[in-house]
Every structure is written in structure tokens, then in C-alpha cells.
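K.L.:
Sequence and predicted model, in that order:
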Amino acid sequence: MNDLSFASLLTPEGRALLDEVRGTDPARELAVATRLRREHPAELVSAALAQARLRERAAAKFGVGDAQRMFFTPNGVEQSTRATVATHRAERFRALGVASVADLCCGVGGDAIALARAGIRVLAVDRDPLTAAAARANADALGLASLIEVREADVTEVDVSSYDAVFVDPARRGGRGRIFDPEAYSPPLSWAVATALKARHAALKVAPGIPHEMVPGEAEAEWISDGGDVKEAVLWFGTRPGEVRATLLPGPRVLRGRGLPDPPVRPLGRYLYEPDGAVIRAHLVAEVAEDVDGGLIDETIAYVTADGRRDSLYATAYEITDRLPFNVKKLKALLREREVGILTVKKRGSAVEPEELRRKVLPKPHGPNAVTVFLTRVAGAPTMLLGHPV
């Protein structure tokens, strides 16, 4: 998609065409395109169908209602913040008393939209002309243009001193895929940190795999999951320097670090606790272990075991019924004997792929019972644990 074809979608003809192609079955797309090209320019028809596909993909992040009104680029769908996460961040800014935010590297405007809906005035900046155009169109489409100013510019050249806070979401993908070195972000993390330190409040979005030693001492580090999937890490400035937290959405449920030492390894108990991914990324497994009066099953594995059952907001509990050395034939026989038809396979510390094991031990699911199998290590030994959530 180029600037011209995108601009054509914003015309009355383009908008009408977008309404017409909404929900087009991919199997019928060629026939629909052929029919529409008799009455509309071929480039406009192609752009409308491409935009319809992007809106379908974006629904998982933005919800159907917003996605069907918004405009996207392929990178914009891939890299934009999920609406639930953006809303959480906007609420944190609002609670800090922030009234205006400079959103640097704004993409198609996902965070700017959430900030504006929280009543915050936003300057949204992106250097890519097509991306900036999409952000501007989205602010207009959602009735937020009065609160969102979109500027096409290099973020390193924008004066943000008049804004209460800064939010930076550097590009973490290049021509060869994901970028893991924060100094290879665009702009680099060091520039983003220097900019954050000049602001009263700031938040920097980074990859959840950022090494803890790269977190500046002035920052609070927050790892965020949504529905159990880790989405991002955020470095906050002007909040609680040195604090580490895991935030689980929906909720939010917030687990703050208490500076605990690594939990001890202990014998396998009746219950196994699987900490949320944000808890693991934040290195807060010790906090979960203390809360459930448990320990690790292995010094390198983030599974917590305990004899007693305790509710935890930050981990899923399973009752363990069987412990077996890794053996596919024995597992297959046991599942057949217990009439298992629903098998969930989880792994941590095992090279075996869950789908591969599932095909081998339950090629033809039958039976009314459900089992969860954990492929892991217990005290260094490859082990299979069988159980069920409680």
C-alpha cells in the first residue's frame, strides 16, 4: 500500500467500498475484486480488500467495533499495542495526574487512542508518512481528533518539554525480524532513557525479554501479560525507582517485588503452581513461592510445588496425581487406561514439543476425562507430571 492508494480509501468512494467489502470470504475475494473493478479503479479495489484483511487481523487487538472503523498498515497491525494493555497504561498516566503526553513512535495510534479516551491530550509523532496518515485517520474515525495531534517527524527532533509526560515505543523490528539488542531499537534505548529522564513522567515500551541488568536504576520495570500471554515490558520514570512489578490483565492484578532470595528446591508436593509469564519475566517467582508456602521443583525451572492448596492471583494451581520418568509408551498406556480424551501438554525445561507428544500418545482422542501433562525436570531428572487444574 502506498500513500496514494491509502488516501483514496479516505474519500467517500473509498469509504463506501470499505463498507461493501467488509467480511468478504477470502475464498471469494477474487470474484468480488473482479466484479468491483467494473465500477471502481482497480487500485482502489485492491486497497479496500487489503484494508479489510488488515481490519480482520486487528480485531483481536482492538475489538471488532474499533477495528472496523480504523485504518491500518501491515506493520501497524503487527506492532501496535493491544487495546487492553494501552488502556492500562493510559490509566496509570491518568492516575499520575498527567494531562498531556508526547507519544513518540506512535505507529497507527493505538496508545494515543487509549490516552485520549482517558482524557489526556496527545502529540502523536511518527516519521513514516503512511503510518502518520493512518494515525491521523484513526483519531478522526474514533472522534478523538480534538485530543490527538499527529505530526510526521523524526522523534529525535521534536521538542516535548511542554508535555507532562513522554511515551516512547521504539521500533523493535528490522528487515530481518525482531531486534533483541535494545541499542539497535529505532531510536536506541539510550536515547529513549535520556529523553525520559528530562520529563516529569515517562514510560518506555521494551521487549519483555530485556535483560534486567539493562534496566536503569532510575526506572520502575513493569512486565505485562494479557490473558496469560506476556505482551511487553515498560520502564517507568517518575514513579517508583527500582521497583519491579508484574501486571496481569484483565484486572489489573499487580505483584510487586519484595526483594526475596531465590526460593529453595524442595520435594514434589501434592500441588504444582505455574506462575504467570509476566511473573516469570519479572523474576518474581520467589514472591509466588512465599505466598503459597512452596519451593521450586528444580533450581532452573519456574514451577513451584507445595503440599497445601492456596489461592494465588499470580499462578495457576494444579493437583498432581502422577509422577513418571519420561517414557512415551508408559504415558500412552496410562492415558488409555484412564480414558483420557482431552490432553493438555505443558513444558518447561524439556526439548520435546507438546504437539509432537500429543500426536504420539493420543493419536485418536477418546474418553470423557481430561489430563494436563507437564514435561519438565524434577531435581535434574526429565519427568512427566500428570494432574488437573484446581
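P.N.:
Yep, it's here.
K.L.:
low-confidence ranges in the chain?
P.N.:
1-3, 173-177 (pLDDT under 70).
K.L.:
What segments of the stretch 51-200 of the chain are strands?
P.N.:
Secondary structure of the stretch 51-200 of the chain (DSSP state E, counting those that start in this stretch): strands at 100-104, 121-126, 148-152, 165-168, 173-174, 177-178.
K.L.:
and residue 291, which of these is closest to it?
P.N.:
Nearest of those to residue 291, taken as C-beta to C-beta: strand 165-168 at 32.1 Å. C-beta here means a position set from N, CA and C on the backbone, and glycine is covered the same way.
K.L.:
Roughly how far does residue 33 sit from residue 26?
P.N.:
Separation of residue 33 from residue 26 (C-beta to C-beta, to the nearest Å) stands at 11 Å.
K.L.:
Redo the strands of the stretch 51-200 of the chain as CSV? Include distance to residue 348 and mean neighbour count.
P.N.:
CSV is the format used below for those (distance: least, C-beta to C-beta, whole Å; neighbours: other C-beta atoms under 10 Å):
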stretch, distance to residue 348, mean neighbour count
strand 100-104, 37, 26
strand 121-126, 38, 24
strand 148-152, 42, 19
strand 165-168, 33, 27
strand 173-174, 27, 12
strand 177-178, 22, 8
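K.L.:
Any chance of these in JSON lines with distance to residue 69 as columns?
P.N.:
Converted to JSON lines, these look like this (distance: least, C-beta to C-beta, whole Å):
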{"stretch": "strand 100-104", "distance to residue 69": "20"}
{"stretch": "strand 121-126", "distance to residue 69": "17"}
{"stretch": "strand 148-152", "distance to residue 69": "15"}
{"stretch": "strand 165-168", "distance to residue 69": "23"}
{"stretch": "strand 173-174", "distance to residue 69": "26"}
{"stretch": "strand 177-178", "distance to residue 69": "30"}
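K.L.:
Specify the stretch among these that is closest to residue 333.
P.N.:
Short answer: strand 177-178, nearest of the strands of the stretch 51-200 of the chain by C-beta to C-beta, at 41.7 Å.
K.L.:
Can you list the buried residues in stretch 380-390?
P.N.:
For stretch 380-390, the neighbour count (16 or more other C-beta atoms under 10 Å) marks 383, 384, 385, 386, 387 as buried.
K.L.:
just checking, residue 377 is part of a strand?
P.N.:
Yes: the assignment for residue 377 by DSSP: H, G, I helix; E, B strand; the rest coil puts it in a strand.
K.L.:
Number of residues surrounding it?
P.N.:
Residue 377 has 18 neighbours, counted by other C-beta atoms under 10 Å.
K.L.:
This completes my enquiry, with thanks.
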